[in-house]
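> Fold the following for me, if possible:
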Amino acid sequence: MNICVIRFSSLGDVILTQPITRWLRERWPGASVIFVTKPVNVPVALMFGTVDRIVEWRNDARATAAEIGEIDLTVDLQAKLNSWLLCRALKSVRTVRYNKRRLTRWAIVHGFGNAAIDTTLDLYASALKPLGLNEKLPWPQLHPDDAAHAIDELFVQYGVIPRKTLIGVFPGARHATKRYPAEYFACLINRVPDDWNCQFLLCGSSDDKPQAVDILRETEGVIDLTGATDTGGLARLIQRLDCVISNDSGPMHIAAALQKPQIALFGATHPRLGFRPLNDNAVVVTSDLRCQPCSLHGGKTCPRNHFRCLRGVHPAWLADKFRHLLEEQVWNLP
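Model prediction:
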């Protein structure tokens, strides 16, 4: 039996599909599970530990279907036109598709009622109901390969001191209204006393470099690793960190899948949309304003021109949350 699972993007959404592939592997142990995603997400998909083959999606349904070959079951977790075209080209015996709950999410964004989606994983699981899923799925897990030497070399190259408490700060996000202000991140870092023995590392892709530069301008001793790794290297780096502070972004979900102590900041989006980090070690920060969420994925500017959802999260308050997280989950203090 050949099973094809489709999720092209984005990074966080791809990570949330790992429990789906795990369930399919357990349901049909002898099956070949093929995962289709964009090339940028392949290094992380390789860490699922539950797929046999990964096929890169390059916006060509017929060519991708020819590369995949014969399929008995297709699980469409993208549920958009391009994945529908791929499903049609595959001509599998059976196709199931997840329920995006578009109307519910529209109502949440526009402030109608008190609806909430616990997690996107639950929505993905809706595709498996016709296949016999009756239980709650476990949360995502990533299994980075043993490439510790690569991270060791990265630390030597940038002067990271591993014996310190390593704090990864991810200042970026695809949309501006999901980014905690860079000057606030800098203020948070400057509030951390030297005797906490923390080494702050600015992490993320090269797209996050402008935020990193702004933080570096107002801090000392902070190391900039933005753009230093691909997504696979980013997961290996996060595995070595003691704590992660991020916006609602792909790295937030990597940290969650690695069960790292983390602080996750939500601005224009909100956990009620189903995007919270699935991690018992996570501290989720949201202002819970009446205008929040104002968007499903974020935007360029605050629709009300005040951006209080993140500007209202004072660095002093966040520093206190950070200290409690270190005491309870990193330092193991009473």
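> could you point out which element follows the lowest-mean-pLDDT helix or strand in the chain?
For the chain, counting by mean pLDDT, DSSP states H and E, helix 148-158 ranks last in confidence among helices and strands (a mean of 90). Heading C-terminal from helix 148-158, the first helix or strand you meet, by DSSP states H and E, is strand 165-170.
> helix or strand right after that next one?
The helix or strand immediately downstream of strand 165-170 is helix 182-190, counting by DSSP H and E.
> Report the angle between the least confident helix or strand of the chain and strand 165-170.
For helix 148-158 against strand 165-170, the angle by axes from the mean of the first three to the mean of the last three Cα atoms, to 10 degrees is 90 degrees.
> How many neighbouring residues does residue 158 have?
Neighbours of residue 158 under the rule other Cβ atoms under 10 Å: 12. In this view, the C-beta of every residue, glycine as well, is placed from N, C-alpha and C.
> now it, nearest residue through space, not along the chain?
Nearest non-adjacent residue to residue 158, counting by Cβ to Cβ, 6 or more residues apart in numbering: residue 223, 5.3 Å away.
> Could you pull up the residues touching the one you found?
Counting by Cβ atoms under 8 Å, 6 or more residues apart in numbering, residue 223 makes contact with 158, 159, 160, 199, 200, 201, 202.
> Can I get the helix or strand hosting residue 234 in CSV, CA atoms only?
For residue 234, the element it lies in under DSSP H and E is helix 231-240. Written as CSV, here are the backbone C-alpha positions of helix 231-240 (Å, rounded to 0.1, in the frame of the first residue of the first chain):
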residue,chain,number,x,y,z
THR,A,231,15.7,24.6,8.6
GLY,A,232,17.4,21.3,9.4
GLY,A,233,20.3,23.0,11.1
LEU,A,234,17.8,25.3,12.9
ALA,A,235,16.2,22.3,14.5
ARG,A,236,19.6,20.9,15.5
LEU,A,237,20.5,24.3,17.0
ILE,A,238,17.2,24.5,18.9
GLN,A,239,17.9,21.0,20.3
ARG,A,240,21.0,22.4,21.9
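> hmm, who's touching that helix?
Contacts to helix 231-240, defined as Cβ under 8 Å, 6+ apart, come from residues 11, 40-41, 43-44, 46-47, 142, 144-145, 147-148, 150-151, 154, 162, 166, 168, 203-205, 225, 229, 244, 250-251, 254-255, 258, 260.
> ok, now stretch 293-300?
Taking contacts as Cβ under 8 Å, 6+ apart, the residues outside stretch 293-300 that touch it are 105, 108-109, 173-178, 248, 266-270, 272-273, 302-304, 309.
> Buried only: go through those residues for me.
Buried members of the contacts of stretch 293-300, scored by 16 or more other Cβ atoms under 10 Å, are 105, 108-109, 173-175, 177-178, 248, 266-270, 272-273, 302, 309.
> mind listing which of the residues you listed are in helices?
If you go by DSSP state H, these have 105, 108, 109, 309 in helices.
> residue contacts, the second one?
Spelled out, it's residue 108. Going by Cβ under 8 Å, 6+ apart, residue 108 touches 115, 116, 117, 270, 272, 273, 293.
> Lowest-confidence one in the residues you listed?
Lowest pLDDT among the contacts of residue 108: residue 115, with 91.
> Looks like that residue contacts residue 103 (just checking).
No - at 9.3 Å, residue 115 does not count as touching residue 103 under the criterion of Cβ atoms under 8 Å.
> higher neighbour count, the two?
Using other Cβ under 10 Å, the more surrounded residue of residue 115 and residue 103 is residue 115, with 14 against 10.
> Spit out the contact partners of the more buried one.
Contacts here follow Cβ under 8 Å, 6+ apart; on that basis residue 115 touches 104, 107, 108, 272.
> Quick one: residues in contact with the least confident helix or strand of the chain.
Helix 148-158 has contacts (Cβ under 8 Å, 6+ apart) with 160, 161, 162, 223, 224, 225, 228, 229, 233, 236, 237, 240.
> Pretty sure the first one sits against residue 201.
Yes - applying Cβ under 8 Å as the test, residue 160 and residue 201 come out as touching, 6.6 Å apart.
> what about the two, which has more around it?
Ranked by neighbour count (other Cβ under 10 Å), residue 160 and residue 201 place residue 201 first, with 24 against 18.
> Can you give the domain ranges for the chain?
According to automatic domain parsing, the chain comprises the domains 2-131, 148-330.
> Please identify, among the contacts of helix 148-158, the one with the most neighbours.
residue 237 (24 neighbours).
> What segments of this protein are strands?
Assigned by DSSP state E, the strands in the chain fall at 2-6, 32-37, 53-56, 73-76, 94-97, 165-170, 198-202, 223-224, 243-247, 262-266, 282-286.
> Out of the ones you listed, which is closest to residue 82?
With Cβ to Cβ as the measure, strand 2-6 is the member of the strands of the chain nearest residue 82 (9.2 Å).
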